[in-house]
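1. sequence and predicted model, in that order:
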Amino acid sequence: MSATIFKLIPEDVHFVPDKGNVEQVRSYLVSIFPSATVSVEQTEEIQFVDQGENFVQIACPNCDAVLDLKWWHNAMDSAWQSAFKELDVQLPCCSAHSTLHGLRYDFPAGFSRLIFEIENPEEEVRTEHLRRVEQLLGCEIRMVNARY
């Protein structure tokens, strides 16, 4: 059986909130999605937060060109060598500079040290839910809609 997991991550890949803020967000998500499994993962190292089967393509945030997956895999291998501390890349399509986190993933993906997961919720995560999480955390967030 497939699982749908909404992953909420800070836009700032290095952001680490206070433990109290993390617990407030977890409690809020449990109250909004009582039948879902809500979990929090916080790590010392940055990790790639993927969209699973929802992956379609990756595009350049500067010129919108679809990026070659071999180039992306090589860039990911290089970033992995630094435990994803170095995410800067020069894009092959237009030579612009970006980060692996700043690429346009379709569906969204990203990098983070903090992940809130909502597994198999009965309803969608709405914009007002995301805005409230941002208020509680004190930072902008990105939602990764994953399917496994």
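-> The structure has been received and is ready for your questions. Residues are numbered from 1 along each chain as shown.
2. mind checking how far the residue nearest the centre of the chain is from Glu124?
-> Nearest to the geometric centre of the chain sits Gly110, at 3.8 Å (Cα atoms, centre = their mean). Distance from Gly110 to Glu124, counting by Cβ to Cβ, to the nearest Å: 19 Å. Bear in mind the C-beta positions are built from the backbone N, C-alpha and C, glycine included.
3. same thing with Leu137?
-> Counting by Cβ to Cβ - Leu137 and Glu124 are separated by 20 Å.
4. who's more crowded, those two?
-> The residue with more neighbours, out of Leu137 and Glu124, is Leu137; 20 against 10, by other Cβ atoms under 10 Å.
5. OK, contacts around the more buried one?
-> Contact analysis of Leu137 by Cβ atoms under 8 Å, 6 or more residues apart in numbering lists Pro10, Phe15, Pro17, Asn21, Val22, Val25.
6. one more time with 10 Å, if that's ok
-> By Cβ atoms under 10 Å, 6 or more residues apart in numbering, the residues touching Leu137 are Leu8, Pro10, Phe15, Pro17, Asp18, Asn21, Val22, Gln24, Val25, Leu114, Phe116.
7. do you know the pLDDT at it?
-> Leu137 carries a pLDDT value of 96.
8. and what of the one 10 residues further on?
-> Reading off the confidence values, Arg147 has pLDDT 97.
9. quick check on the closest residue to it other than its chain neighbours: phi, psi?
-> Leaving aside its sequence neighbours, Arg147 sits nearest to Glu53 (Cβ to Cβ, 6 or more residues apart in numbering; 4.4 Å). Here is the backbone geometry of Glu53 (degrees, to the nearest 10): phi -70, psi -10.
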